[in-house]
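Asks: fold the following, please.
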Amino acid sequence: LARAQVPSVEATRAVAARALSLARQAPLRQGSAVAQPVTLALAALAAALAGAEPILAETMSPMSDPFPDSLLDELREIGDPPGDDLIAYLGEAEDDIAKLLALLEALVRVDCIDELGELDLSEEAKARVGEFLLESARLPPWYDPALIGLGVEMFSRHTFIAFVVLGCASLPACYCWSYEAEILGKTARLRDDVPRRIPETAQMVLDVMCEGGLALTAAGPGRGVRAARKIRLIHACIRYLQRRPVERDAIASFASRDYFFLPYLRSDSEIRQALSDSEPMPINQEQLAATHLTFSCLMLAGYAQIGVRLRAEEQRAYLHAWNVVGFLLGMDERILGRLDSQANALRLLAAVMRRNRAATEDGPILERALLDYMCRNVRRLAPVLYALGANRWPKLVTTCLIEPETAEKLVLELTSVDRLLRVPIWAGIRTLGWLENLRPTQRLAERVFMWLSRRMWDWRGADRAGVGFGAHATAGARPRAPILPPELSRAWGAGG
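Replies: A predicted model of the protein is given here:
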């Protein structure tokens, strides 16, 4: 608990429940003269922590689990009704698959309602799309601008550690989930066009956590709001195409065309086979919650593992920001309402891992593509260090940040040299993390992470990117690298 930094009431009750359980078992397990004093001591500790026996009984009851399997099973069959209804409406009105693919691709590139005139849609369809764009940019009633501001301020202090955690913990976690890896692996863009697909994920995090990213102003929704809306539409398109049968010959005829959604088309026999195999809804609510956790609680856990100590209110603020993103993505309120603490978020993450972590064909391929992307950047931006063995750095840090079971599923195997080098590398990372907690050394330590993350991700400052920050929302405008927000570029002198 100390390592995870979750000194919450829920966590305290869990400790108390465990203490009482041990106390009750002690006489049977010890069988010695000290057994009774041990029992009394543990029972006293439990009482002191929890305050009352009924609280402990409630904590130990399966009924108190905020994320029971019954709920997660139900969420596996639920998508995003508002988004799904819109895409189904558009899909049923278009029999030509090629035109539909082009339409959906144009739709997800729409950044504001004014751009709807460019789409080949009826007035009624434009009205429905416009209504969805407005509704999906609505902030939740529990939105707290003060918490958002605190979360953004915390992220701006530790931005470059976030790059390390994203590449070495968050994304690998997504790749070890069976259905998640299958969906991600369907697109050749993630496996074969890594220099664009992976930076897009980092860009989404920057969009969300930049100043004003999760705000609504007179100028319109913030960059994070628009990014979430775009992702929500992409998810709805994938769900629709995964369940709409297409003739095999038609799919084959599109092979030479560069349609974004082409890899998600399936024939009637493939859909029947998926249903007979009890395949859950593609990008269902459980998957959506799981991915959400990799950017929220898993990022906080990564900070803690590296040694960065965050105040409880900073953790709460960061979780709040990502819960707002979850709301914008259409996450089920039954899940969002229970992600009010890092302790609960970690509980859901544990349940998701238990239910979904599995060896897949796509998972190791995706992880190798990610590691190759980071290694290529290191080779290009730090060739001397690469020649001295820095090409091992991304994999070694990844194996320090993820669980052994995840590393096993992703086939991350270490040689004897890897194991030898991992010790000083991880010690150095932890030392830098510890230095981030001290005011005199915080900025220096973050600058070291800035240098490392630049070699891993090849991010650019806003004034060097070649386009204004936020212009990446328009097709083809952004370079194949994450672009720092202007305020971060100025604060860290990251113009180059």
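Asks: which residues does Glu314 contact?
Replies: Glu314 is in contact with 150-151, 154, counting by C-beta atoms under 8 Å, 6 or more residues apart in numbering. For glycine as for every other residue, the C-beta is placed from the backbone atoms N, C-alpha and C.
Asks: next: Thr201.
Replies: Neighbours of Thr201 in contact, by C-beta under 8 Å, 6+ apart: 166, 171.
Asks: pretty sure Ile402 contacts Ala169?
Replies: Yes: Ile402 is within contact range of Ala169, at 5.8 Å (criterion: C-beta atoms under 8 Å).
Asks: number of residues surrounding the residue nearest to Leu262 when sequence neighbours are not counted?
Replies: Distance criterion C-beta to C-beta, 6 or more residues apart in numbering; nearest residue to Leu262, sequence neighbours excluded, is Phe254 at 5.5 Å. Look at Phe254: counted by other C-beta atoms under 10 Å, it has 15 neighbours.
Asks: Phe254 and Leu119: what is the separation?
Replies: From Phe254 across to Leu119, the span is 21 Å (C-beta to C-beta, to the nearest Å).
Asks: do the same with Asp85
Replies: 18 Å.
Asks: so which of the contacts of Glu314 wins on neighbours?
Replies: When neighbours are counted by other C-beta under 10 Å, Gly151 leads the contacts of Glu314 with 25 neighbours.
Asks: check which helix or strand covers it.
Replies: Element membership of Gly151, judged by DSSP states H and E, is helix 145-157.
Asks: before we move on, back to that, next, format the contacts of Glu314 as TSV and append pLDDT and distance to Ile429.
Replies: Output for the contacts of Glu314, formatted as TSV (pLDDT from 0 to 100; distance: C-beta to C-beta, whole Å):
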residue	pLDDT	distance to Ile429
Leu150	97	26
Gly151	97	23
Met154	96	19
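Asks: can you give me the helices for the stretch 301-450 of the chain?
Replies: For the stretch 301-450 of the chain, the helices defined by DSSP state H, counting those that start in this stretch cover 312-328, 333-336, 342-356, 362-381, 383-387, 393-401, 404-409, 416-435, 439-457.
Asks: turn those helices into CSV, columns for mean pLDDT and distance to Ala146.
Replies: As requested, those are exported to CSV (pLDDT from 0 to 100; distance: least, C-beta to C-beta, whole Å):
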stretch, mean pLDDT, distance to Ala146
helix 312-328, 97, 8
helix 333-336, 94, 19
helix 342-356, 95, 19
helix 362-381, 92, 36
helix 383-387, 89, 42
helix 393-401, 96, 31
helix 404-409, 95, 35
helix 416-435, 95, 27
helix 439-457, 92, 23
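Asks: now distance to Glu200 too, for these, in JSON lines please.
Replies: Listed next are the helices of the stretch 301-450 of the chain as JSON lines, based on distance: least, C-beta to C-beta, whole Å:
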{"stretch": "helix 312-328", "distance to Glu200": "15"}
{"stretch": "helix 333-336", "distance to Glu200": "24"}
{"stretch": "helix 342-356", "distance to Glu200": "23"}
{"stretch": "helix 362-381", "distance to Glu200": "12"}
{"stretch": "helix 383-387", "distance to Glu200": "25"}
{"stretch": "helix 393-401", "distance to Glu200": "19"}
{"stretch": "helix 404-409", "distance to Glu200": "23"}
{"stretch": "helix 416-435", "distance to Glu200": "26"}
{"stretch": "helix 439-457", "distance to Glu200": "12"}
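Asks: I'd like the next helix or strand past the helix holding Gly151.
Replies: Following helix 145-157 in sequence order, the next helix or strand is helix 159-165 (DSSP H and E).
Asks: what sits up against that following helix?
Replies: By C-beta under 8 Å, 6+ apart, the residues outside helix 159-165 that reach it are 155, 202, 205, 209, 298-299, 302-303, 306, 308, 397, 401, 429, 433, 436, 446, 449-450, 452-454, 456-457, 459, 484, 488, 492.
Asks: what helices and strands are in contact with whichever helix or strand comes after that helix?
Replies: Per DSSP H and E, helix 159-165 leads on to helix 171-175 as the next helix or strand towards the C-terminus. In terms of contacts (3 or more C-beta pairs under 8 Å, 6 or more residues apart in numbering; DSSP states H and E), helix 171-175 is packed against helix 178-186, helix 285-295, helix 362-381.
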